[in-house]
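Colleague: pasted the sequence and its predicted model underneath.
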Amino acid sequence: MVDAAVAAERDAFERGQTVSINKAINAQEVAVKEKHARNILLEFGAHTFWAVVSRLPLSSNAVLCWKFCHVFHKLLRDGHPNVLKDSVRYKSELSDTSRMWGHLSEGYGQLCSIYLKLLRTKMEFHTKNPRFPGNLQMSDRQLDETGENDVNNFFQLTVEMFDYLECELNLFQTVFSSLDMSRSVSVTASGQCRLAPLIQVILDCSHLYDYTVKLLFKLHSCLPADTLQGHRDRFLEQFKKLKDLFYRSSNLQYFKRLIQIPQLPENPPNFLRASALSEHISPVVVIPVEASSPDSEPIMDLVEMETSSQKSLFDNKFDDLFGSSFSNDPFNFNSQNGMTKDDKDRLIEQLHREISTLKDELKNFKAESHRLVQQLKGRINELEAELAEQQHLKQQALDESDFLRTELDELKKRHEDTEKAQRSLTEIERKAQATEQRYTKLKEKYSELVQNHADLLRKNAEVTKQVTVARQVQGDVERDKKELEDSFQRLSEQAQRKTQEQVEVLEALRRELIVSKQELQTLRSTIESSTQVEAAHSTQLASLQLETATLNETVAQRDQQLTDLQAEVQQLKATLQREKEDSGKAVEELQSSLEERESNTQALQQQLLDKQFALLQCATREAEQMVQDALNRIEDPTHVSCTSSADYLLSRTSAASECVERLQEACTQYLSNQSDVSSLLSHVALFGHLVGDTIVQASATSHMAPMEAADMLLEACRQCGSEALCYLGTLKDKASLESANCAAVRNCLGRITAIGEDLRPKGLDIKQEELGDLVDKELAATAAAIEMAASRIEEMLSKSRAGDTGAKLEVNERILGSCTGLMQAIQVLVKASKDLQREIVESGRGAASPKEFYARNSRWTEGLISASKAVGWGATVLVDAADLVVQGKGKFEELMVCSHEIAASTAQLVAASKVKADKDSANLSKLQTASRGVNQATARVVATTKSGMSQIQETDSMDFSAITLTQIKRQEMDSQVRVLELENQLQKERQRLGELRKKHYELAGVAEGWDENGANLAP
């Protein structure tokens, strides 16, 4: 029976829930009634809700979907915690519905899409942060516990709150933009349908804004301000939007009777100032009780119930007077106590009068009851608002207490930092003593200064660093002292101000408690006059009394906390005074120690400067020895066999000239700051080495030069060496160091460079500015020659197919086909060479033009031109030889020789291009691949030529069947003579080939500027 009763009760509850859900979520464009929403919140979960909603056409009716979003939002906020667990599985359906409605750009479709995204974001936020309830109401302690004392968690939580608040503001703005503000839309049913869900949005926004401000203050106390620049920018943007939306909402008539919307401050909080947290006031949204029950149906139900009860009471009285049989037989008047008709009429009239009197009394009773109910509701409203304000004041007092505790912790931390600074001062003194010991050791090792100069420089750097650290520590101590004094003054003022404010707040709370008690007494007397209303609101009065008792306890606790804080402030004052005295003594001792260290440091610096100049003198002597050694090698007879080129000499003089410029700059820098001699030391050594190398290379180059030029070059070398020795001599003396000038050495190097330029070999008889154009012309001419050769081969192949048959046609096709493949391979090679040439010019010319690059590298350019000409000439000769072979007038050997010549020319072109190319260049890889293709095509031409030659010789086989023995003997002798003649001709031809190659090398050498003996020609 019990199970059946429970099941029946559950079924009745589910039916009631279904009716409430269907009434709340319908297609009528009116706001959702609050009583239906309250009935839906009674379920311990959302199973029934989703079971009913799943049957509704949410994807086809925008108004229906909008009201579903409103009810579901209220269910997530104010419903049972199991609502979130039961609704997570429907997130994908909400996303699909949101995307579907997002295709509409206006009306309820766009609103539904944004609202569904907000609901999904709210579900994800509460799933990731289960500590937050659906209505987002938390204390500061609970908010701190959500981060688990990890700044990364607070950072991530702030980002998620920004995203959550962004969705809320997006819905807020979209709803306002969809309304026509030119007329009073808040009093229309359609306008109220759109504005009703914004009550939930306002409640969420107020909490999110408050928590975001507190989290940002906490993050700024743990992280640098630059790291949180993005958070501050995003908060500022959302602050402006939320402030504007709260202001616009508070001016709408619809919201004025339903909700009290707070106003945000004029300026956003300054997170860079930690004390600004105490100025932050949490926004509180107040919802009056009558707003939560805007319709009067419950009261009307009460009146109807009372009317029905009165009617039943009158019926019972009527039955008692006239008997129950009157209602059963109304026409039997003679059987009713024997009354006559006149008596009955009088009685009926009397009863009518009594009924009318009772109706008047009942009406008056109803009006009085309704008035009392309204008064009680208004009074409860006021008390709840006062209670909320008192709770807010209590929360502010707790926040101020936490802030004061935080300030105390910071002061304790600064005290610890001061102790650490004192310990670091002791450590610095110990290091200074160690420095003095090291300095004593340096005096003993002065004889080993030349070998150990690097150690001396490092130790000097350590001393300088320690002095700098000591000065920084002194500055930090003074700065900490000022900060302690400022923080103490600030804390004292804040403590006095907070104490005064808390005393005033407590006095105001006591006065309000007295007034509340008087009003409660008056309310009790009023409630006693209406027993029915007292039964309905007795629970609310009990809760108010409990809150009042709790508030009294809180006031007592606040008094006790205030006393404790005052005691802590007094203790802190005494501690700060002691710290101030100790810091003053420590600063005086540190000042005297620093003065002593500065005097020692100055003495060390002067000794270091003397030792550095001694090092400079040692380096100068080494450089003089290098130059003198180079001058001695000029006069050494064994040096006569050493030779060098003018190009290498120019590279050495260029490096020596650059070193002279850098040495002059290093000398100037040393004169301006004599504490750093490292740069001058390195440049002096490099100067001696490069000048000596230049003298040696110039002497070696003079051995290959004409007599007159050689004498001039040797004289310039001797003069350069003497000037370099003179310049190095001025660097060894402090008196002459400032007047040291290397202009004479620079002029001597310029003379050597001019002579080297005259000794450079001559190139082609072409102006250097024309080399760039000539390279492009030769490459273009080579490409054109190859294309012409390929077209001629095609023509020859066509003629051969038209005029030849049999083995001759087969041989001609194979030879011409292999030649065609060779021409194609050469075309690929020339194209790759052009690409590589363009890359070399672009990477090597810098800011100069391509023509200037070619002129600067004239010899390499001339080699490239020569290789291009050779490739084009070889292709032309190959085509001519193939034409003669096809016609039967040429020789197969000419084809093979031309193929080998083309292979050699392409190898020369690849080598010329490879000289200045980057080894990792992709174009160089393509050129090498094309070169291998040309070699393979050349090999195919040679193989095809040999095969064709053997095939033709086989067709021309000799027939000795008709020759006699005597004739055979005669032909054999003739053949032997022919063999001897051919061998003699072969030997002579080989000698001729050798002479031709020798002459070719001689002509090429003359073109490069060398005489017959290999010596460099004078210009």
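Modeller: Okay, I see it.
Colleague: got a list of contacts for stretch 268-285?
Modeller: Identification of contacts with stretch 268-285 by C-beta atoms under 8 Å, 6 or more residues apart in numbering yields 202-203, 206, 209-210, 213-214, 216-217, 220-221, 225, 228, 232, 235-236, 239, 259-265, 388-389, 392, 395-396, 399-400, 403, 490, 494. From N, CA and C alone the C-beta is placed, and that goes for glycine too.
Colleague: which of the residues in it are buried?
Modeller: If you call a residue buried by 16 or more other C-beta atoms under 10 Å, then stretch 268-285 has these buried ones: 268, 269, 271, 277, 282, 283, 285.
Colleague: now residue 227: which helix or strand?
Modeller: For residue 227, there is no host helix or strand (DSSP states H and E).
Colleague: repeat for the one 10 residues further on
Modeller: If you go by DSSP H and E, residue 237 is part of helix 229-250.
Colleague: what is that helix packed up against?
Modeller: helix 151-178, helix 198-220 (3 or more C-beta pairs under 8 Å, 6 or more residues apart in numbering; DSSP states H and E).
Colleague: just want the angle from it to helix 151-178.
Modeller: Calculated by axes from the mean of the first three to the mean of the last three C-alpha atoms, to 10 degrees, helix 229-250 forms an angle of 40 degrees with helix 151-178.
Colleague: can you name the next helix or strand after helix 229-250?
Modeller: helix 253-256.
Colleague: and residue 127, how far from residue 395?
Modeller: From residue 127 across to residue 395, the span is 28 Å (C-beta to C-beta, to the nearest Å).
Colleague: now residue 572
Modeller: Going from residue 572 to residue 395 by C-beta to C-beta gives 26 Å.
Colleague: what do you get for residue 194?
Modeller: According to C-beta to C-beta, residue 194 and residue 395 sit 34 Å apart.
Colleague: who has more neighbours, those two?
Modeller: It is residue 194, of residue 194 and residue 395, that has more neighbours when counted by other C-beta atoms under 10 Å, with 23 against 14.
Colleague: so who does the closest residue to residue 287 other than its chain neighbours touch?
Modeller: Spatial nearest neighbour of residue 287, excluding adjacent residues (C-beta to C-beta, 6 or more residues apart in numbering): residue 259 at 5.3 Å. By C-beta under 8 Å, 6+ apart, the residues touching residue 259 are 199, 202, 285, 286, 287, 288, 291.
Colleague: ok so, going back, ranking the helices and strands packed on helix 229-250 by burial, who's on top?
Modeller: Neighbour counts (mean count of other C-beta atoms under 10 Å) averaged over each of those peak at helix 198-220, with a mean of 21.
Colleague: for the helix or strand hosting residue 112, packing partners?
Modeller: Residue 112 is part of helix 107-128, with elements assigned from DSSP H and E. Using 3+ C-beta pairs under 8 Å, 6+ apart, the elements in contact with helix 107-128 are helix 62-78, helix 82-87, helix 91-101, helix 151-178.
Colleague: which of the contacts of residue 259 lies closest to residue 934?
Modeller: Checking the contacts of residue 259 against residue 934 with C-beta to C-beta, the nearest one is residue 202 at 82.7 Å.
Colleague: pLDDT score assigned to that closest one?
Modeller: We have a pLDDT of 93 for residue 202.
Colleague: that one and residue 250 touch, don't they?
Modeller: No - with contact defined as C-beta atoms under 8 Å, residue 202 and residue 250 do not form a contacting pair (9.8 Å).
Colleague: could you redo the helices and strands packed on helix 229-250 as a markdown table and give each row distance to residue 624?
Modeller: Shown next, in a markdown table, are those (distance: least, C-beta to C-beta, whole Å):
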| stretch | distance to residue 624 |
| --- | --- |
| helix 151-178 | 65 |
| helix 198-220 | 65 |
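Colleague: between those helices, which one is nearest to residue 995?
Modeller: Per C-beta to C-beta, nearest to residue 995 of the helices and strands packed on helix 229-250: helix 151-178, 88.2 Å.
Colleague: mean confidence score for that closest one?
Modeller: Here helix 151-178 scores 90 as its mean pLDDT.
Colleague: next, the angle from it to helix 198-220.
Modeller: Going by the same axes, to 10 degrees, helix 151-178 makes 150 degrees with helix 198-220.
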